[in-house]
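**Student:** got a predicted structure plus its sequence, pasted below:
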Amino acid sequence: MAKKKNVPKAESKSVKRGGKVVPWTFPKVPLEDAISIPKALEDKFAGHEAPAKELAPAVGFRQAGDWRFQDLLKASNQYGLTAGSGATARVSLEQIGEDLVAPSSSAQRKQALREAFRHVDEFARVEDFYAGKRLPDDEYFLNTLVREFGIARDRVETFAQIFRENTAFLRSFDVDPRSDDLIQSGPIEEPTSRKSDDKPVRVREFLDTCFVMMPFGEWFDQYYRDIYVPAIRDAGFEPKRADELFSTGSVVEQIWEEIEKSSVLLADLTNKNPNVFYELGLAHADSKPVVFTSGNLDDVPFDLRHLRVIIYEVREPRWADKLQQNITDYLKNARDEPEKSIPQPFRERFLQKEGATE
């Protein structure tokens with residue numbers, strides 16, 4: 001339900017050149033954000049056509065005329081995900097969008113991701129030009145975009161940002177934008193690449209993410225790898241933790257973005273880690289459903305114990321198996337009944353937003 005990050009409003013308008021309005025020929029928002037349109041059609045309208053005025057609240061906007069919603073809707077059209085653009089439009093799923101949000105296999109989703117990216121001619125041509133090689137520094141990349149591909153100088157920075165975000169998003173699913181060959185059709189268990197600090201990078205399987213708020217180091221890292229990750233994936237979400245954020249910029253801003261993107265969140269309150277509680281405060285302020293785990297009930301604040309809390313005891317037989325199954329079950333319940341995982345007064349705000357979509 002969170003509003004997606006977008007380009008500044010000043011850049012969202014078409015500009016006039018020689019007295020003529022020059023339309024934007026590429027999306028102003030990344031593919032990952034544009035997917036919210038077909039996903040809302042699938043989740044809220046059972047895949048059926050919906051009027052823009054009803055679709056807008058389903059993706060976090062009050063009115064269909066909101067310029068941010070219009071950018072999102074147009075981008076969804078440009079990626080080939082949906083048909084129908086404008087405040088009075090009736091919006092419907094296209095085949096690429098359906099294959100992306102409701103695939104019959106992971107291979108079908110990968111193919112849909114590739115097709116959506118290449119549905120934008122400029123993206124396909126730039127990707128082919130660099131042939132998968134590392135993109136040059138910004139100055140040279142921007143100049144090449146202008147000189148070789150005719151991207152307008154006043155729009156080139158937006159193009160470069162969206163292009164970089166899209167290629168990173170596809171590769172997180174192990175998709176080569178230029179290749180028809182899909183790498184695998186089933187879940188990928190082993191990492192396919194490593195960052196500079198030699199931490200493994202998992203290949204994404206799901207569109208919906210679950211941001212995990214928990215301490216780092218000691219046994220927590222093993223819990224996350226061996227228990228939390230498989231449990232979250234069994235619930236149909238892609239796990240993400242703060243130490244897996246590698247992009248430049250403010251860490252707090254990146255955490256906030258992940259919280260906004262996540263459908264549900266998981267917080268391990270063991271040892272009352274201050275960073276965890278800070279992130280939890282951000283999550284509740286955004287009216288996000290959170291499932292709690294803890295190795296000690298005393299570490300759970302009293303006014304949160306009425307929510308979904310999993311207490312695990314490492315001295316119990318098969319405690320890890322039990323914890324893993326409980327996490328999966330609780331996350332599924334939080335997805336189906338999110339209001340029961342949000343405390344007041346944030347629950348009221350969540351229900352108000354949900355009521356606007358009905």
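**Tutor:** Now that the structure is in, tell me what you want to look at.

**Student:** close enough to count as contact, Leu269 and Glu279?
**Tutor:** No. Using C-beta atoms under 8 Å, Leu269 is not in contact with Glu279, being 11.1 Å away. Every C-beta, even on glycine, is put in place using the N, C-alpha and C of the backbone.

**Student:** which residue is the nearest non-sequential neighbour of the residue most central in space within the chain?
**Tutor:** What sits nearest the mean C-alpha location of the chain, by C-alpha atoms, centre = their mean, is Lys261, with 4.7 Å. Nearest non-adjacent residue to Lys261, counting by C-beta to C-beta, 6 or more residues apart in numbering: Thr209, 5.6 Å away.

**Student:** number of nearby residues for the one you found?
**Tutor:** 20 (other C-beta atoms under 10 Å).

**Student:** list the contacts of it.
**Tutor:** Neighbouring residues of Thr209 by C-beta atoms under 8 Å, 6 or more residues apart in numbering: Phe237, Glu238, Pro239, Lys240, Glu258, Lys261, Ser262, Ser263.

**Student:** repeat for Asp43
**Tutor:** Ala58.

**Student:** how does it look with 7 Å?
**Tutor:** Not one residue lies near Asp43 by C-beta atoms under 7 Å, 6 or more residues apart in numbering.

**Student:** tell me how far it lies from Val276.
**Tutor:** Note on Asp43: its distance to Val276, by C-beta to C-beta, to the nearest Å, is 29 Å.

**Student:** again, but for Val264
**Tutor:** For Val264, the distance to Val276 - C-beta to C-beta - is 16 Å.

**Student:** those two: who's more crowded?
**Tutor:** Counted by other C-beta under 10 Å, Val264 and Val276 do not tie: Val264 has more neighbours, with 25 against 20.

**Student:** where does the protein dip in pLDDT?
**Tutor:** The model of the chain has pLDDT under 70 over residues 1-21, 180-201, 246-249, 353-358.

**Student:** quick one, domains of it?
**Tutor:** 9-172, 205-355 (automatic domain parsing).

**Student:** need those in TSV with distance to Ser179, can you?
**Tutor:** Formatted as TSV, the domains of the chain follow (distance: least, C-beta to C-beta, whole Å):
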stretch	distance to Ser179
domain 9-172	8
domain 205-355	19
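
**Student:** so which of those gets nearest Arg178?
**Tutor:** domain 9-172 (5.8 Å; C-beta to C-beta).

**Student:** so where do the helices sit in the stretch 201-350 of the chain?
**Tutor:** Assigned by DSSP state H, counting those that start in this stretch, the helices in the stretch 201-350 of the chain fall at 218-223, 229-234, 251-261, 274-285, 319-336, 346-355.

**Student:** now for the first one, which elements pack on it?
**Tutor:** Using 3 or more C-beta pairs under 7 Å, 6 or more residues apart in numbering; DSSP states H and E as the contact definition, helix 218-223 packs against no other helix or strand.

**Student:** send me that helix as PDB with only the CA atoms.
**Tutor:** Coordinates of each C-alpha in helix 218-223 appear next as PDB, following Å, rounded to 0.1, in the frame of the first residue of the first chain:
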ATOM      1  CA  GLU A 218      27.000 -14.600  16.600                       C
ATOM      2  CA  TRP A 219      24.200 -17.200  16.300                       C
ATOM      3  CA  PHE A 220      21.700 -14.700  14.800                       C
ATOM      4  CA  ASP A 221      23.400 -14.900  11.300                       C
ATOM      5  CA  GLN A 222      23.000 -18.700  11.400                       C
ATOM      6  CA  TYR A 223      19.400 -18.400  12.500                       C
END
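
**Student:** thinking again about what came up before, so which of the contacts of Thr209 is the closest to Thr328?
**Tutor:** Phe237 (9.7 Å).

**Student:** before we move on, back to that, what bridges to the residue nearest to Lys261?
**Tutor:** Beta-bridge partners for Thr209, by DSSP bridges, are Glu238.

**Student:** what separation do you get for it and Lys240?
**Tutor:** The value you get for Thr209 to Lys240, if C-beta to C-beta is used, is 5 Å.

**Student:** element containing Val146?
**Tutor:** helix 138-149 (DSSP states H and E).

**Student:** so what touches stretch 282-296?
**Tutor:** So stretch 282-296 is contacted by 2, 256, 259-260, 262, 264-270, 280, 300, 304, 307-312, 314, 327, 330-331, 334, 338, 341-343, 346, 349-350 (C-beta under 7 Å, 6+ apart).
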